[in-house]
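Engineer: prediction below, plus the sequence it came from.
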Amino acid sequence: MTTSVPNPHAEEAMTDHFRSVDSAPADYAVDRPASGVNGFLVTFIALTILVMCARTLMIHTGYYDAPRDLALFTEGRGEVVFPLRMFIVLFFLTYALFAYSNIWRRAFLVGALLGKFLLFCIAVDTIFGVLRDAGIVSISVFGGQMISGLAALAIFPHTILRQAQLPTQGPMSREPRLPPKAFFAWFLSLALAMVGAAIAIHVLFNIVDTLKNWAILGGIGAGVFLMQQILAVATALLGIRAIKKSRSHDFAPATAILVPAHNEAHSIGATIESVDRAAETYPGKIHLYVINNASSDATREVAEETIGACEFITGEVIDCPTPGKAIALNMGVDLIREEFIVRIDADTVIGPGCLETAMRHFANPDVGCVGGIPMPLEEKTWIDKSRLVEVYMRHGFFQVSLDGYQGVMGIPGMFAVYRREQLIEVGGMVQGMNGEDTDICMRLTAAGYHSIADPKAVYYSETPASYAHLWEQRTRWFRSIYHLTARNRAMLFDGHTMVGTFVLPFNLVNAARRAMLAPLLIFASIAFIGFHATFTSMRWQPVVATLLGMSMVMTVAVCAIWRPASIRHIPLYLGFRVLRSYFTLASALSLIYPPMQPRMPRLRSRRRSRRKATAHLTPSE
């Protein structure tokens, strides 16, 4: 669907209308320019070339049998499919060098990241060596590399959460336990995925081997790739069933529409008009609240004019002079008296039937938040087209799979429905950090409610119109995983919710994987093209499979189900995934690390103080 926005203010100079105090919260992030991540990549490339040249020199000076990767095995060390451990060491080293802090904190980060990783590698190789020597089992070098690679995906966020300046733990109820039905749905799906992957690998060995040679299977292992996809499909089928059952009730209470708006004169008119059109078929009464959040443009005037022309809703504009979306939202929640609140961003247009579909789920008192699927407003630019495929994958497939076991961690604030009483119960919207929309869902989950993402509730949201807007949006989104985890750290592996026990840890690991993707492709290209004579046993398939492979097959399948014509945008989307990795790395580099002071100078200063204090004393004294 392509939606035009007929607004006389739409052509105003809005170069930086997307920037606000929420772009980089002052206490927990820095608005770091692109030179930070570009400097990271240049340094990473230089270190990679330097290390590989050193390894090549070793070959020409008689150390040909030295391992191609950091491995302790006495057998098979020269037959390395990919020098993964070398990549991780260089990635960790470069990240620590470019972390936003002083030199002492950076040195500490080097020790923390590399120390944990190298200790893990030593332990893994030692255990594998003992098992091999005892004749119990022989595990390949590749197996050890993959296990240490997975460990690195956990070490990276673990170190960030311990060292970075992040939000403190917020108020949280921890009464509910893991819902048995949801747990068994996830566990049975996982068992099915493991069995299915094992059968495929052993029974269909030749086919699997062919797919590996074609880079369809690979990366962290064919079995893991297959298991992931089977698990996602199985839980998605359960999610479709759960969503249909949840929306089968009739429920249309009086509802408040809450629209926070900061410099949105170019789009807020279309947002209000879409609400008025939706109200024509919605049985309940709707009142709209526009919270004009420190706008410097004509947001108030456009909103008032559009509300005055509405036929099916009433509404008002309220000024919030203090900048900050969460501040504006909390002000609106305090003023609203309706039982249900629909939060809509001022650049979002809700589709026909969106309200009716979302509200039906609240017939169940255990539902805490409901969202839909955020389709792009237009399909003109490469950003629009990439976003379309991303939406189908993220919201049309993976969010549905999370619905299968009450694992939806967050509902995008572009369109989200809450019970007002529950919002107040869990403390309202958090201020001063990224991800307030996901944070409120996580705290509702901790309080015993669950969120539902219903793809039948369709709405259309603004896609960044420029690269600068895309940079701001994605670094803010990707940074939020660390803010959210820090504020809700009590949920991590808590055994109380599916979100805290499974989904949140997976998202942390996935954020690390995404941050490493672009550097990994660069590292692999240098090794394979420039130093193939050194890494003679290196294969390109595992690396290519991390970008393409089964994930591309699933992308084609999902797009074919939603809209076959969108398949033509998949090449753009694959390139966008690499750019998304670049933004994820940028978000990790924008985190603030509190500076450290060296201990030795402090010790010397204490000694000088003691000498000064005792200088006047005589030996007899």
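Structural biologist: Structure's in. What do you need?

Engineer: tell me the confidence at Ala615?
Structural biologist: On pLDDT, Ala615 comes in at 45.

Engineer: with Arg419 instead?
Structural biologist: 96.

Engineer: and the gap between it and His361?
Structural biologist: Arg419 sits 11 Å away from His361, going by CB to CB, to the nearest Å. Placement of C-beta: from N, CA and C, glycine included.

Engineer: same question for Ile139.
Structural biologist: Separation of Ile139 from His361 (CB to CB): 48 Å.

Engineer: more neighbours: the two, which one.
Structural biologist: Legend: neighbour count by other CB atoms under 10 Å for Ile139 and His361, higher for His361 (22 against 17).

Engineer: so that one makes contact with Lys245?
Structural biologist: No: assessed by CB atoms under 8 Å, His361 is found out of contact with Lys245, at 10.0 Å.

Engineer: where does the protein have low pLDDT?
Structural biologist: Counting by pLDDT under 70, the ranges of the chain that qualify are 1-18, 20, 62-68, 73-81, 174-176, 204-224, 537-547, 549, 599-621.

Engineer: could you rerun that using 50?
Structural biologist: Where the chain drops to pLDDT under 50, the residues are 1-14, 603, 613-621.

Engineer: show me which strand runs longest in it.
Structural biologist: What stands out as the longest strand in the chain, according to DSSP state E, is strand 450-461.

Engineer: tell me which strands it pairs with, and in which orientation.
Structural biologist: Using DSSP bridges, strand 450-461 pairs in its sheet with strand 348-350 (antiparallel), strand 367-376 (parallel).

Engineer: off-centre distance for it?
Structural biologist: 18 Å (CA atoms, centre = their mean, to the nearest Å).

Engineer: and the next element down the chain from that strand?
Structural biologist: helix 467-487 (DSSP states H and E).

Engineer: before we move on, back to that, and of the strands paired with strand 450-461, who's closest to Ala71?
Structural biologist: Comparing the strands paired with strand 450-461 against Ala71 with CB to CB, the closest turns out to be strand 367-376 (45.2 Å).

Engineer: ok, now how distant is the residue lying closest to Phe340 once chain neighbours are set aside from Pro283?
Structural biologist: Nearest residue to Phe340, sequence neighbours excluded (CB to CB, 6 or more residues apart in numbering): Thr255, at 4.7 Å. In this view, Thr255 and Pro283 are 10 Å apart by CB to CB.

Engineer: surely the residue nearest to Phe340 is in contact with Leu288?
Structural biologist: No: counting by CB under 8 Å, Thr255 stays clear of Leu288, with 9.7 Å between them.

Engineer: that older thread, looking at Thr255 and Pro283, which is more packed in?
Structural biologist: Comparing Thr255 with Pro283 by neighbour count (other CB under 10 Å), the higher total belongs to Thr255, at 25 against 13.

Engineer: in contact with that one, which residues?
Structural biologist: 282, 284-287, 338, 340-342, 355, 359, 417 (CB atoms under 8 Å, 6 or more residues apart in numbering).

Engineer: now it. Its backbone dihedrals?
Structural biologist: phi -140, psi 140 (degrees, to the nearest 10).

Engineer: show me what it is bridged to.
Structural biologist: Ile286, Phe340.

Engineer: so when I look at Pro25, I'm seeing a strand, right?
Structural biologist: No: assigned with DSSP: H, G, I helix; E, B strand; the rest coil, Pro25 falls outside any strand and is coil.

Engineer: report the contact partners of it.
Structural biologist: 432-434, 483.

Engineer: so which residues of the stretch 251-400 of the chain form strands?
Structural biologist: 255-261, 286-293, 314-320, 340-344, 348-350, 367-376 (DSSP state E, counting those that start in this stretch).

Engineer: in CSV, list those strands along with distance to Leu579.
Structural biologist: As requested, these are exported to CSV (distance: least, CB to CB, whole Å):
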stretch, distance to Leu579
strand 255-261, 28
strand 286-293, 30
strand 314-320, 34
strand 340-344, 28
strand 348-350, 24
strand 367-376, 16
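
Engineer: correct me, but Ile230 touches Leu190?
Structural biologist: No: shown here, Ile230 and Leu190 do not form a contact pair, counting by CB under 8 Å, at 9.3 Å.

Engineer: quick one, which of these two is more surrounded?
Structural biologist: Set Ile230 next to Leu190 and count neighbours by other CB under 10 Å: Ile230 wins out with 20 against 17.

Engineer: element containing that one?
Structural biologist: Going by DSSP H and E, Ile230 is in helix 222-246.

Engineer: tally of neighbours for Val21?
Structural biologist: By other CB under 10 Å, neighbour count at Val21 equals 18.

Engineer: which residue, neighbours along the chain excluded, lies closest to Ala154?
Structural biologist: Val509 (6.1 Å).

Engineer: and the helix or strand containing that neighbour, what does it pack onto?
Structural biologist: Taking DSSP H and E as the criterion, Val509 maps to helix 504-525. In terms of contacts (3 or more CB pairs under 8 Å, 6 or more residues apart in numbering; DSSP states H and E), helix 504-525 is packed against helix 34-60, helix 84-98, helix 141-163, helix 467-487, helix 541-547, helix 570-589.

Engineer: show me what the longest one is packed against.
Structural biologist: The reference is to helix 34-60. By 3+ CB pairs under 8 Å, 6+ apart, helix 34-60 packs against helix 84-98, helix 504-525, helix 570-589.

Engineer: the same query, at a cut-off of 10 Å, please.
Structural biologist: helix 84-98, helix 467-487, helix 504-525, helix 570-589 (3 or more CB pairs under 10 Å, 6 or more residues apart in numbering; DSSP states H and E).

Engineer: now the last one
Structural biologist: For helix 570-589, the contact count by 3+ CB pairs under 10 Å, 6+ apart identifies helix 34-60, helix 84-98, helix 141-163, helix 382-393, helix 467-487, helix 504-525, helix 541-547, helix 549-562 as packing neighbours.

Engineer: and of those, who's closest to Leu70?
Structural biologist: With CB to CB as the yardstick, what comes closest out of the helices and strands packed on helix 570-589 is helix 84-98 (4.2 Å).

Engineer: C-alpha coordinates for the closest one, CSV please?
Structural biologist: C-alpha atoms of helix 84-98 as CSV (Å, rounded to 0.1, in the frame of the first residue of the first chain):
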residue,chain,number,x,y,z
LEU,A,84,37.5,-18.0,13.6
ARG,A,85,39.3,-17.6,16.8
MET,A,86,41.8,-15.2,15.2
PHE,A,87,38.9,-13.1,13.9
ILE,A,88,37.3,-13.0,17.4
VAL,A,89,40.5,-11.9,19.1
LEU,A,90,41.0,-9.1,16.5
PHE,A,91,37.4,-8.0,16.8
PHE,A,92,37.5,-7.9,20.6
LEU,A,93,40.9,-6.0,20.5
THR,A,94,39.6,-3.4,18.1
TYR,A,95,36.3,-2.9,19.9
ALA,A,96,38.2,-2.3,23.2
LEU,A,97,40.5,0.2,21.4
PHE,A,98,37.6,2.2,20.1
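
Engineer: C-terminal to it, which secondary structure element comes first?
Structural biologist: helix 103-133.

Engineer: tilt between that next one and helix 141-163?
Structural biologist: With axes from the mean of the first three to the mean of the last three CA atoms, to 10 degrees defining the directions, helix 103-133 sits at 150 degrees from helix 141-163.

Engineer: could I get the buried residue list for helix 103-133?
Structural biologist: By 16 or more other CB atoms under 10 Å, the buried positions in helix 103-133 come out as 105-106, 108-110, 112-114, 116-118, 120-121, 124-125, 128-129.

Engineer: now swap in stretch 573-581 and tell me
Structural biologist: 573-574, 576-577, 579-581.
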